[in-house]
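Chemist: Quick one, fold the following:
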Amino acid sequence: MTDTCLELAVFKVRDAEKARIARRVAQQTVRHYEGFIAWTAYEAIEDRGLFADIVLWKNLQSAKAAADRLMKDPALADVLAEIDGILTLSHFAPDQAVEAACVAA
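Modeler: The predicted structure is shown next:
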């Protein structure tokens, strides 16, 4: 069985308004990548220059392949240009122990 992969990216942006526009374009592009399931975009309430993206992938291999592809994809150049620093970029798998406990309860 292949587990889904949750990708969490938290990053600073140079210009929040430009980043929002570029991010929408990026979402429309990445949704066509192999293994893509969903993307939810967040913006910090206290710091308008701090963004977080949660992207759900079919598996870790899809997430890693997408990361390689997006660095070369011209459609993502604008959003990459707005990133002023990545605070975290991590991948997560479902915690099977917790999942099993929730189902059994």
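Chemist: Just the pLDDT for residue 99.
Modeler: Residue 99 carries a pLDDT value of 62.
Chemist: ranges for the helices of this structure?
Modeler: Counting by DSSP state H, residue ranges of the helices within the chain are 16-30, 60-70, 77-82, 96-104.
Chemist: These: which one's closest to residue 37?
Modeler: With distances scored as C-beta to C-beta, the stretch of the helices of the chain nearest to residue 37 is helix 60-70 (8.8 Å). C-beta coordinates here come from the backbone N, C-alpha and C atoms, glycine included.
Chemist: List the buried residues of the closest one.
Modeler: 60, 62-63, 66, 70 (16 or more other C-beta atoms under 10 Å).
Chemist: How about residues contacting it?
Modeler: 5, 7, 26, 30, 33-36, 55, 57, 76, 80, 91, 93 (C-beta atoms under 8 Å, 6 or more residues apart in numbering).
Chemist: Residue 96: neighbour count?
Modeler: Applying other C-beta atoms under 10 Å, we find 10 residues neighbouring residue 96.
Chemist: actually residue 7, sorry about that
Modeler: The local packing of residue 7 (other C-beta under 10 Å) involves 20 other residues.
Chemist: what's near enough to touch the nearest residue to it once chain neighbours are set aside?
Modeler: Once flanking residues are discounted, residue 7 sits nearest to residue 55: 4.4 Å by C-beta to C-beta, 6 or more residues apart in numbering. If you count contacts by C-beta under 8 Å, 6+ apart, residue 55 has them with 6-7, 9, 30, 36, 38-40, 63.
Chemist: could the residues you listed be laid out in CSV, adding distance to residue 86 and pLDDT?
Modeler: As requested, these are arranged in CSV below (distance: C-beta to C-beta, whole Å; pLDDT from 0 to 100):
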residue, distance to residue 86, pLDDT
6, 17, 98
7, 12, 98
9, 7, 97
30, 16, 97
36, 20, 98
38, 21, 98
39, 16, 97
40, 18, 97
63, 15, 97
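Chemist: Return the subset of these lying in strands.
Modeler: Among the contacts of residue 55, the subset assigned to strands under DSSP state E consists of 6-7, 9, 36, 38-40.
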